[in-house]
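Student: quick one, structure for this:
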Amino acid sequence: MLYFFSCVAALVLGYFLYGKFVDNAFGPEADRLTPARKLADGVDYVEMSPRKIFLIQLLNIAGLGPIFGPILGALYGPSALLWIVIGCIFGGAVHDYFSGMLSIRHGGKSIPDVVGFQLGNAFKQFMRVFSIILLLLVGVIFVVGPAGLLAKLSSLSVPVWVGIIFCYYFLATILPINKIIGRIYPLFGAILIFMAVGLTGALMFQGYELFPEMTFSNLHPKDLPLWPLMFITIACGAISGFHATQSPLMARCVGNERDGRKLFYGSMIGEGIIALIWATLGMAFYNGSEALSGALGNGGPAAVVNEISTTLLGPVGGLLAIIGVIILPISSGDTAFRSARLIIADTINVKQKAVAKRLLLAVPLFLIGFIISQTEFGIIWRYFGWANQTLATIVLWAGAAYMIQRGRNHWIGTVPATFMTAVATTYLAYAKIGFGLSLNISSLIGIITAIGCLAAFLLRFHNTPDLSEQPVPEAD
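Tutor: Below you'll find the model as predicted:
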């Protein structure tokens, strides 16, 4: 129990201490005119209160990742919680802060444009394609996952629920952001809090041993290597590139840059706490990795969520907890498709105020998404994991580039960027979806690539003129 609460406390302290350090290094300006005020259009650029933005941002980023990922990551043992804490404070929250604040500085533009301003046109074009592919994968994952849970709670089949959820996603994608998302997400946030607090309390009061195998050794029953697989598996609970596609949605609604730390850095800390809860639930409820692995083999993470929730909280409380778990992915899936629409709109320079122009982009996206949804869930998840962490890596490099060009502390971005470069490269070399090399060779490739990227970064920006007094470029 002490270990769990120490991890939660570390995340909270990380927000107040390191989050403040990052915020001061970046230098938000209270009197700078934000995109919400400068470009207000009543559709995507709509100023909202910080409280509402925080709840929406938290729900946008906290999809299945901080639930399914930590449950799968729990197979590795208590070391999963350690990665969630360290990764979240020094990697994920910094990444989310950069993606939100840089979007504000660049007129609310989507992440491919933000990256392009820092790393060049080649990276911008790559990010446009890569981001849309990732968002489609996310949108599909966040249809299939909740559809499976809803099918267990009703007489309707999974395909029927897939269709219903897609219909909701379509409406949320084309309607103004304050019509659906801005109105119902605060209610979703209350259910999310009930789920997290209720399940944690029930676990402790019912006498479960939180960490039956309290060791930092690799406990995976299939003996899968902790490096780099755990860092890819947990993903959203510690660091997630998907968040970079979501932050610009809220960057278009922020009225004051000084709110950036609590809105972007803070929401990632909130997701980290959710991830800690579900990793602990997976370890404690099944009393070890072996039993958890068996439960995952009989229905996957969705079945585990269903069994834990109904057992700990009873039929009614369990139903509310499961609804909370369903809301998380749905509230990220809708904004995944919305973000994809906006990235495409930015790419081809199509204004989105008119409904017809929104439909022109949304309809093809949903047709492609439906086709992808027919693929087996496990395959989609593996590709999502690597793509997700690769995107996070690029965004961290972009944030570091912004800082170094302005004579500020770039190491807050450079260090996690270097580490995540090693993670993503090692995984690609090692995994079956990649090159299938041995772990030793893959790790060597990952480390050499990471060091090479760091050296190239420092050499490229070593003699860059100080841009601290220059206006930040904004796309038209």
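
Student: CA atoms for contacts and neighbours, from now on please.
Tutor: OK.

Student: SS state for N218?
Tutor: coil (DSSP: H, G, I helix; E, B strand; the rest coil).

Student: for it, what are its contacts?
Tutor: The contact partners of N218, by C-alpha atoms under 8 Å, 6 or more residues apart in numbering, come to 76-77, 79, 225-226.

Student: how about the helices in the stretch 251-400 of the chain?
Tutor: In the stretch 251-400 of the chain, the helices defined using DSSP state H, counting those that start in this stretch lie at 260, 266-285, 289-297, 300-348, 355-372, 377-404.

Student: how about these, which one is nearest S6?
Tutor: S6 sits nearest to helix 266-285 of all those, at 10.8 Å, using C-alpha to C-alpha.

Student: by contact count, what packs against the closest one?
Tutor: Applying 3 or more C-alpha pairs under 8 Å, 6 or more residues apart in numbering; DSSP states H and E, we find helix 266-285 packed against helix 2-16, helix 50-61, helix 65-73, helix 79-87, helix 93-105, helix 181-205, helix 289-297.

Student: that one: how far from the chain's middle?
Tutor: Distance, stretch centre to chain centre, for helix 266-285: 13 Å (C-alpha atoms, centre = their mean, to the nearest Å).

Student: what angle separates it from helix 289-297?
Tutor: Angle of helix 266-285 versus helix 289-297, following axes from the mean of the first three to the mean of the last three C-alpha atoms, to 10 degrees, is 110 degrees.

Student: so where's the stretch 201-350 of the chain shaky on pLDDT?
Tutor: Where the stretch 201-350 of the chain drops to pLDDT under 70, the residues are 320-321, 324-325, 328.

Student: if we can go back for a sec, mean pLDDT for the helices and strands packed on helix 266-285: which is lowest?
Tutor: Mean pLDDT per stretch puts helix 181-205 lowest among the helices and strands packed on helix 266-285, at a mean of 75.

Student: following it, which helix or strand comes up?
Tutor: Next in sequence after helix 181-205, counting helices and strands by DSSP states H and E, comes helix 226-233.

Student: then that next one to CSV, C-alphas only?
Tutor: C-alpha atoms of helix 226-233 as CSV (Å, rounded to 0.1, in the frame of the first residue of the first chain):
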residue,chain,number,x,y,z
LEU,A,226,11.0,-5.7,-19.9
TRP,A,227,13.2,-3.6,-22.2
PRO,A,228,11.8,-2.3,-24.5
LEU,A,229,8.4,-4.0,-24.4
MET,A,230,7.1,-2.5,-21.2
PHE,A,231,7.9,1.0,-22.4
ILE,A,232,5.8,0.4,-25.5
THR,A,233,3.0,-1.6,-23.8
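
Student: report the buried residues of it.
Tutor: 226, 228-233 (16 or more other C-alpha atoms under 10 Å).

Student: the spatially closest residue to T335 that is not a sequence neighbour and I326, how far apart?
Tutor: Excluding its sequence neighbours, the residue lying closest to T335 (C-alpha to C-alpha, 6 or more residues apart in numbering) is N60, at 6.5 Å. N60 sits 13 Å away from I326, taking C-alpha to C-alpha, to the nearest Å as the criterion.

Student: for the two, indicate the residue with more neighbours.
Tutor: N60 (28 against 23; other C-alpha atoms under 10 Å).

Student: tell me how far the more buried one lies from R51.
Tutor: With the distance defined as C-alpha to C-alpha, N60 ends up 14 Å from R51.

Student: repeat for N24
Tutor: According to C-alpha to C-alpha, N24 stands 22 Å off from R51.

Student: wait, doesn't P78 sit right on F216?
Tutor: Yes. Taking contacts as C-alpha atoms under 8 Å, P78 lies within contact range of F216: 5.9 Å.

Student: which one of the two has more residues nearby?
Tutor: Set side by side, P78 and F216 show more neighbours around P78, with 25 against 13, by other C-alpha under 10 Å.

Student: any idea how far that one lies from L296?
Tutor: Using C-alpha to C-alpha, P78 is found at 18 Å from L296.

Student: isn't A340 right up against I132?
Tutor: Yes. Between A340 and I132 a contact is recorded at 5.5 Å, counting by C-alpha under 8 Å.

Student: out of those two, which sits in the busier spot?
Tutor: Using other C-alpha under 10 Å, the more surrounded residue of A340 and I132 is A340, with 26 against 22.

Student: contacting residues around the more buried one?
Tutor: Neighbouring residues of A340 by C-alpha under 8 Å, 6+ apart: 131-132, 135-136, 365.

Student: out of the contacts of N218, who's nearest N256?
Tutor: S79 (38.1 Å).

Student: isn't that closest one right up against E213?
Tutor: No. S79 is not in contact with E213 according to C-alpha under 8 Å; the separation is 10.7 Å.

Student: and these two? Which one has more around it.
Tutor: S79 (19 against 16).

Student: if I look at that one, how far off is A417?
Tutor: 21 Å.

Student: and L313, by the same measure?
Tutor: Computed as C-alpha to C-alpha, the L313 to A417 distance reads 41 Å.

Student: now S309: closest residue in space that isn't a chain neighbour?
Tutor: G318 (4.5 Å).

Student: who touches the one you found in this structure?
Tutor: G318 makes contact with 306, 309-312 under the criterion C-alpha under 8 Å, 6+ apart.

Student: so which of those is the most crowded?
Tutor: Of the contacts of G318, S309 is surrounded by the most neighbours, 25 neighbours in total, counting by other C-alpha under 10 Å.

Student: what's the separation between F4 and L81?
Tutor: According to C-alpha to C-alpha, F4 and L81 sit 8 Å apart.

Student: go on, L149?
Tutor: For L149, the distance to L81 equals 26 Å [C-alpha to C-alpha].

Student: fine by me, we can end here.
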